[in-house]
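next input, structure requested:
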Amino acid sequence: MFIGRNKELNQLKEQFIKNGKQAVMLYGTRRVGKSTLILESVKDSTSKVLYIECLLTSLERNVKRFEQKIQELFNNKFLHFADFEAAFEYLGSLDEDIIVIIDEYQYLKQVSDGRYVDSMFQNIIDQMRGNIKLVLLGSYVGMMKELLEKENPLFGRFSLIMHVKPFDYYDSAAFYPKRSVREKIELYSVFGGMPFSNALLDVEKNLANNICSLILSSSSPIRIYIENVLLAEFSKVANANMILSALANGKKRYSEIEGAIGAKTNGTLDKQLKNLLEMEIIRKVYPINKAGDKKKTFYEISDNLIRFYYSFVYGNADVISRIGADSFYSSYIATSIKTFIAHRFEEVCREYFMRQTRKGFMDDVMDIGTFWYNMPKEHKSGEFDCVIKHKKGYSFYEVKYHDNPLGKNDMAKELQQLKVIPENIEIKNIGFVTLSGYEYSDDRYILLSADKLYE
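Okay, here's the model as predicted:
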């Protein structure tokens, strides 16, 4: 069953019904749903569809596989091609529309001279006949982004470029629509927004059971994928596992990460972080009132599932195998899972306001994030969880993942904290977002329940 991505689906379908040749590029991290999306978009097409997933083998072997796909599509085993260009020349000579999908394009660049491969496909696109629509897909984000650089031969050749990203909290909930709001937040906080992991969830089981069966079990598809595919890719970046483990355990600053690695890196950490950023495994964040301040620049793992894995599972495979998934959960995870989810709930609330802004329900918004204040004389500093920067002023929202309704004293503490901010700023709104509602209301505050996030 295909879930979500309606906007992207419509964009792709529009490209495929246009007259004349079209070249489309889709890129995004592994298991984000690129292949599923493109195949769904051509499912009802009147054009013939030629799909090939490139392999990490020689360019000649990939050409041979492309040849076999053409033979199968046209039921003609006598068709032979010396290279991709000859194959496209043949396809262009036919009197029928064809959509050619080349998945994992970056493998062609890896097994040959990448510049040559890009130049070859530049020539293919330039010479393509009007009956062909070409789609290039890739999972190595940094390598695919190279195609968009001005110096690259393929620059300016695509009529549609689509960066396929993981679902946010709201779209992820479509995989478990009947669960309570609390359960939706829990599942998203641990399993993130990848369609691959969400599709494997047993919606009849609770969070703990899904963690035990899908993440802690050594034979589960998710655990196998993380340890046999992702960790192999991460290993291409020196110290990647140590960096990710540090980030998962609260080390956010450059100096903290450097310290967790265990030695001065002499500048090599810059390159390692850059590589992980290009792979979209981590992201760089900063308070919205300190943009450009390197001292307030932090790093964090992008995906909730990867963050959970490095927080609890990485390095503990032997322990899990000795005591079993259920015991490991009880001893190592149960006592701290609430804190883990509480931090993710803050991100969920920021995503909520991003959605509201993109849909036009909030105006004059310039940024959404956290807000940092520092009072060196008083030896005091702090951070506000969820803040909206307007053209004039800020809206502050305190996020509470509590089991009990928020009371008057909690609200008063927030107001008092705002009063000590040393910066001269205009406060437009003060609000709260809570999981368990409120036992007190006040016209000075905007009060949102977690249920509101899913309306």
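
spatially central residue in the protein, please.
Using Cα atoms, centre = their mean, the residue of the chain that lies closest to the mean C-alpha position is P166, 4.0 Å off.

and it, how close does it get to E149?
Distance from P166 to E149, counting by Cβ to Cβ, to the nearest Å: 24 Å. Backbone N, C-alpha and C define where each C-beta goes, glycine included.

also E439?
Distance of E439 to E149, given as Cβ to Cβ: 56 Å.

just Y286 next, same as before
According to Cβ to Cβ, Y286 and E149 sit 25 Å apart.

for those two, indicate the residue with more neighbours.
Just comparing Y286 and E149: by other Cβ atoms under 10 Å the higher neighbour count belongs to Y286, 17 against 9.

contacting residues for that one?
G292, D293, K296, T297, F298, G369 (Cβ atoms under 8 Å, 6 or more residues apart in numbering).

mark which of these are buried, thanks.
A residue is treated as buried here by neighbour count (16 or more other Cβ atoms under 10 Å); on that basis the buried members of the contacts of Y286 are K296, T297, F298, G369.

could I get those as TSV with distance to Y329?
Supplementary listing: the buried ones among the contacts of Y286 in TSV, determined by distance: Cβ to Cβ, whole Å:
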residue	distance to Y329
K296	36
T297	35
F298	29
G369	33
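
now tabulate the contacts of Y286 in CSV and tack on pLDDT and distance to S321.
Supplementary listing: those in CSV, determined by pLDDT from 0 to 100; distance: Cβ to Cβ, whole Å:
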residue, pLDDT, distance to S321
G292, 78, 47
D293, 83, 45
K296, 86, 41
T297, 90, 39
F298, 93, 34
G369, 96, 41
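
of the residues you listed, which is the nearest to K7?
Distance to K7, by Cβ to Cβ, is smallest for G369 among the contacts of Y286, at 24.2 Å.

that closest one belongs to a helix, doesn't it?
No - according to DSSP: H, G, I helix; E, B strand; the rest coil, G369 belongs to no helix; its state is strand.

and for it, nearest residue in space, chain neighbours not counted?
For G369, ignoring the flanking residues on the chain, the nearest one in space by Cβ to Cβ, 6 or more residues apart in numbering is I288 at 4.1 Å.

so what's the residue count around that neighbour?
Burial of I288 is recorded as 18 neighbouring residues (other Cβ under 10 Å).

who's in contact with it?
Listed by Cβ under 8 Å, 6+ apart, the contact set of I288 reads D367, I368, G369, T370, F371, V387, K389.

ok, those vs K43, which is closest?
Using Cβ to Cβ, I368 is the member of the contacts of I288 that sits closest to K43, with 36.0 Å.

how far away is the closest one from Y286?
Counting by Cβ to Cβ, the gap from I368 to Y286 is 13 Å.

also L201?
The separation that L201 has from Y286, given Cβ to Cβ, amounts to 33 Å.

does T297 really touch R283, like I thought?
No - here T297 lies out of contact with R283, judged by Cβ atoms under 8 Å, at a distance of 11.1 Å.

and the helix or strand that contains F328, how far from the chain's centre?
F328 is located in helix 325-328, with elements delineated by DSSP states H and E. Its chain's C-alpha centre and that of helix 325-328 lie 29 Å apart, by Cα atoms, centre = their mean, to the nearest Å.

no more questions from me, cheers.
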